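# Attaching a predicted model along with its sequence, questions to come.
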Amino acid sequence: MSGKIKLFFSRSKVRLALLLGFILLCALGLRFYGINWDHNFVLHPDEYTVMRVVQGIHLPDWPLSLKQLLDLEQSPLNPHFPGYGNLPFYLIKVVGSVLSNFKESLGSYNLSLVGRGIAAIFDTGTVFLVYLLGSRLYSRRTGLLAAAFYAFTVLAIQQAHFCTIDSMLTFFITLTVLFSARVISGPPKTNIWAAVLIGICLGLAIATKITAIILLVVIVAAYALRCFEGESDRVTRASFKLAYLKSSLIGLAIVIPVALISAFVTEPYVFLDWRGFMTDTRLFRGMITSWSIDMPWSRQFIDTTPYLYQIRHLSIWGMGLPLAIAAWGGFLFTAVIAVVKRRKSDILILAWMIPFFLIVGAAELKFLRYFLPLIPFLCLVGARLFFELYGWVKGKWRPLVIGVMVLVIACSVFYSFAHVRIYSRQHPILQVAGWTNANVGPNDIVAAEDWEFPLYVITRQKTVLRIYDEDTPEKMSTIAQQLYDADYFIVLTQRAYGTITRLPERYPLSSRYYEFMFSGKLGFEMVYCATSYPSLLGITFVDDPFSRSNLTVPEGICACSPSGMGVINMGYADETFTVFDHPLSMVFKKVTPLSQEELYNLLMGSQ
């Protein structure tokens, strides 16, 4: 019996299945670990928006009349929210309603946990899809390594902890590319089922977020590549088969209507109110691609370099440098090989990566999560690079390639486990709220910045500084009065000071305000701070929110900052990577009362 067991586990397919299963279990565990990281306070503003929209959807008693269903204003199924596709809202609503039969709160105020669980499951599914795609286009070993890379990618793990749509979008995009990959090497006849599946997935992706319409480039490329047939995978003039063009056109003719039907079923009100949708789409496009709509949360990206900004922050924080170097190296390698050898598999992958990178990278809003749909393919081309190198080198160089491969995996594993440890600690904002509610008297007044969504967790009297308003003497006069009345000043995240102090021409007075506040010149000193940096085995990855704006670091910040040989300061991190789940939060107490006139003169630079 023991001999049979050894023989069974010695088979390559069994070993591969065990490794894949282990990777998927690790991916699922990392994405579900600490899923209630904010103890249901919903500290992520996008999650609050999703919950509000989902709670506004009402599953009616069936049968529902067609008139009720088509009524744009009165239909209980209309989300009335153009920012995302409708599919995520419906899915969260249905799953929450089913789970509410077991725990009632999951259908109401605990909906964020439902959305996070859905995101975690979809993102784990993406790990499996990356394996399937790598196996189809290159080899099973490449697919397995790519799946491991994506499983331990920090940005993917972080986004799977949020009740947002990016993990779901990435899943449907990867699935669409996977089905498209079946087309390029399929039989001469039109594969109707492949076309139907591609259409369904495309429709679901678009119903998740309109960005997925870029997939049309991949789908057209797949059917164009299908017209080239020969003994090799290369695209050459001799391998073009005019007879295959008809089947490719038929395939595309099936994909488009199926995609429209799929999208209509999952977000019908976009089609029923097409004019309103296009108006909202132009509004959001203007917000994303230009500064036509100036919002406080978009000003952090003013004077940042397109493409380079995203590459830097995605590489350092979203993936970790070892994996990022392999991934971007694989991207460049695949692009060169695609030009030189014209392989179908390379061209298909680049048909998604290049248009997506060029379009999304050019946007003025450079949120890291917008790049999540690119990461599975970066992991794939990074894994492909390693095995191409392994096949090229001989003798003593092969162990070196394997060693580098193991090092990249080890670093990714370490960084991902270090990151999820932030979910095992109390959120910094909740720590500050707990300290404030316990130490600030009921008659004391706490000053805070506007546009800080989680302010409601602080139960003491609050006065909110409209810090994002344009600088005027009147604004400074109001802030001087608020600071005169306040006993404490709270900074929950780096949002305001990290942005305003970078725009001295627009905010000269507010920049001075932060410089004086942090240096103690306004009579306040820091008495409490809270952080939650990624850390593991004595190694801590620290971000620096002050260096980008050259602000004076508040005295006493070392009380909540790690020190020693194990601290790795990785510089400034994009605010969207830190402010939701591990910001630096600070409390300042008034220790030297100044008159309102003195405060005003300081803020205006009169003394």
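That came through, no problem.

# Show the subsequent helix or strand relative to the helix or strand harbouring residue 334.
Secondary structure assigned from DSSP states H and E places residue 334 in helix 321-341. Helices and strands here follow DSSP H and E; after helix 321-341, the next one along the chain is helix 344-361.

# Report the buried residues of that following helix.
Of all the residues in helix 344-361, those buried under the rule 16 or more other Cβ atoms under 10 Å are 344-353, 355-357, 360-361. (Glycine included, C-beta is placed from N, CA and C.)

# before we move on, what about stretch 32-44?
When burial is assessed from 16+ other Cβ under 10 Å, stretch 32-44 yields the following buried residues: 32, 33, 35, 37, 38, 41, 42, 43, 44.

# Can you tell me which residue is spatially central in this protein?
The geometric centre of the chain, computed from its C-alpha atoms, lies nearest to residue 369 (Cα atoms, centre = their mean), at 2.5 Å.

# Look up how far residue 518 lies from it.
From residue 369 across to residue 518, the span is 29 Å (Cβ to Cβ, to the nearest Å).

# same question, residue 432
For residue 432, the distance to residue 518 equals 16 Å [Cβ to Cβ].

# Next: residue 525.
Taken as Cβ to Cβ, the spacing of residue 525 relative to residue 518 amounts to 10 Å.

# Same drill for those two, tell me which one is more crowded.
Neighbour comparison, residue 525 and residue 518: the larger count goes to residue 518, with 24 against 17 (by other Cβ atoms under 10 Å).

# what pLDDT does the more buried one get?
According to the predicted model, the pLDDT of residue 518 comes to 94.

# Same question for residue 78.
Reported pLDDT at residue 78 in the predicted model: 84.

# any idea how far residue 404 is from it?
For residue 78 relative to residue 404 (Cβ to Cβ), the value is 53 Å.

# State the mean pLDDT of the helix holding residue 334.
Per-residue pLDDT values across helix 321-341 average out to 96.

# surely residue 387 meets residue 140?
No. Here residue 387 lies out of contact with residue 140, judged by Cβ atoms under 8 Å, at a distance of 10.5 Å.

# now, which of the buried residues of helix 344-361 sits nearest residue 461?
Taking Cβ to Cβ as the measure, residue 461 sits nearest to residue 360 out of these, at 43.4 Å.

# got a list of what the spatially closest residue to that closest one that is not a sequence neighbour touches?
Computed as Cβ to Cβ, 6 or more residues apart in numbering, the closest residue to residue 360 that is not its neighbour in sequence is residue 370, at 5.3 Å. Listed by Cβ atoms under 8 Å, 6 or more residues apart in numbering, the contact set of residue 370 reads 166, 211, 360, 363.

# And the pLDDT at the last one?
pLDDT, the model's per-residue confidence, is 87 for residue 363.

# Give me the below-cutoff pLDDT ranges for the protein.
By pLDDT under 70, the weakly predicted segments of the chain are 1-10, 61-70, 186-190, 230-232, 274-293, 607.

# Got the domain ranges for it?
The record's domain split for the chain, according to automatic domain parsing, is 2-421, 428-604.

# what ranges do the helices span in the stretch 201-350 of the chain?
With DSSP state H, counting those that start in this stretch applied, the stretch 201-350 of the chain shows helices at 215-225, 242-266, 268-272, 274-289, 308-313, 321-341, 344-361, listed in chain order.

# now for the third one, which elements pack on it?
Going back to what we said before, that points to helix 268-272. For helix 268-272, the elements it packs on are helix 242-266, judged by 3 or more Cβ pairs under 8 Å, 6 or more residues apart in numbering; DSSP states H and E.

# And the contacts of the helix it packs on?
The set of residues external to helix 242-266 that reach it, using Cβ under 8 Å, 6+ apart, is 85-87, 90, 183, 188-192, 194-196, 198-204, 206-207, 219-220, 223-224, 226-229, 270-271.

# Quote the end-to-end distance of stretch 181-201.
According to Cα to Cα, to the nearest Å, stretch 181-201 extends 13 Å from its N-terminal end residue to its C-terminal end residue.

# List the buried residues in that stretch.
Under the neighbour-count criterion of 16+ other Cβ under 10 Å, stretch 181-201 has 181, 183-184, 186, 190-191, 194-201 buried.
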